[in-house]
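Trainee: got a structure for you, letters missing:
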């Protein structure tokens, strides 16, 4: 089995806008270079790398570092878990859907009513999980949410976890990292002056740690780590 890790992520061409804060970016349109941990890497033909298209990862390997199946009968090896709580967090996650197009995707959120947002191009539902809503003022519900998220991770076994917050996303990153998945945190655009509390705590667990405000990228360091700014989803 071939495992891959993000070597680094850099933005694809961003469209000009009147304000940098309104620049829209997709995780999918971010160029990804992967450090493939395989002895067979040296034998791979240099002509295999190519641009897949808008809303897709550049190169033959996707966000998870797996090659796309050559035939429809082959099951995709990329397993992505996209996670967000309700409201604006979920809206921002939905703006990123093209990033995992073609992957084996599952969603987790705190609202059952979002199920119809998670359909494929044929109208078939993707795997969809609902957990308890929680915040810092409800410690018991927070513990329940953490347990539910952990069980989802054990069931899904994702190779990549992507989240826009909040607590459900933090727990997903923690469990995902412990299971050796690659983790992506996109802090909410609502956090204009500083990272959210969950976002600050996510620094330790995120392979790619993003803010949607350039000012926060300059001042939002947690220890030696600084959040990256690549634009905004809205």
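Mentor: Good, I have the coordinates. Predicted model only: the values in this text are computed from it and were never measured.
Trainee: can we go C-alpha only for contacts and neighbour counts from here?
Mentor: Will do.
Trainee: give me the low-pLDDT residue ranges for the chain?
Mentor: 1-77 (pLDDT under 70).
Trainee: in it, which spans are strands?
Mentor: 3-11, 30-37, 79-83, 104-109, 127-130, 160-163, 182-186, 208-211, 228-229 (DSSP state E).
Trainee: mind listing what residue 81 touches?
Mentor: Taking CA atoms under 8 Å, 6 or more residues apart in numbering, we find residue 81 in contact with 105-108, 156, 158, 160-162.
Trainee: Could you rerun that using 7 Å?
Mentor: For residue 81, the contact set (CA atoms under 7 Å, 6 or more residues apart in numbering) comprises 105-107, 158, 160-162.
Trainee: Look up how far residue 187 lies from the residue nearest to residue 131 when sequence neighbours are not counted.
Mentor: Once flanking residues are discounted, residue 131 sits nearest to residue 110: 5.1 Å by CA to CA, 6 or more residues apart in numbering. Distance from residue 110 to residue 187, counting by CA to CA, to the nearest Å: 17 Å.
Trainee: higher neighbour count, these two?
Mentor: For residue 110 and residue 187, the more surrounded residue by other CA atoms under 10 Å is residue 187, and the numbers stand at 29 against 20.
Trainee: can you tell me how far that one sits from residue 169?
Mentor: Distance, residue 187 to residue 169, by CA to CA: 10 Å.
Trainee: got it, and residue 202?
Mentor: From residue 202 over to residue 169 (counting by CA to CA), the distance is 9 Å.
Trainee: so what secondary structure elements neighbour the longest helix along the chain?
Mentor: With secondary structure taken from DSSP state H, the chain has its longest helix at helix 139-156. If contacts are counted by 3 or more CA pairs under 7 Å, 6 or more residues apart in numbering; DSSP states H and E, helix 139-156 sits against helix 167-178.
Trainee: What are the buried residues along the helix it packs on?
Mentor: 167-177 (16 or more other CA atoms under 10 Å).
Trainee: try stretch 223-234
Mentor: Residues 226-233 are the ones in stretch 223-234 that count as buried (16+ other CA under 10 Å).
Trainee: What is the most widely separated pair among those?
Mentor: Pairwise distances across the buried residues of stretch 223-234 peak at 19.6 Å for 226 and 233 (criterion: CA to CA).
Trainee: dump the residue contacts of residue 182.
Mentor: Per CA under 7 Å, 6+ apart, neighbours of residue 182: 5, 159-161, 207.
Trainee: partners of it in the sheet?
Mentor: Beta bridges link residue 182 to residue 160 when assigned by DSSP bridges.
Trainee: any idea how far it lies from residue 86?
Mentor: Applying CA to CA to residue 182 and residue 86 gives a distance of 23 Å.
Trainee: quick one: which of the contacts of residue 81 is most hemmed in?
Mentor: Busiest of the contacts of residue 81 [other CA under 10 Å] is residue 161, holding 29 neighbours.
Trainee: Hmm, residue 78 and that residue touching each other?
Mentor: No: contact criterion CA atoms under 7 Å: residue 161 and residue 78 do not qualify, at 11.1 Å.
Trainee: measure stretch 127-141 end to end?
Mentor: Distance between the two ends of stretch 127-141: 23 Å, counting by CA to CA.
Trainee: so how far is residue 115 from residue 135?
Mentor: Distance, residue 135 to residue 115, by CA to CA: 22 Å.
Trainee: So for those two, which sits in the more crowded spot?
Mentor: Taking neighbours as other CA under 10 Å, residue 135 and residue 115 compare with residue 115 leading, 17 against 14.
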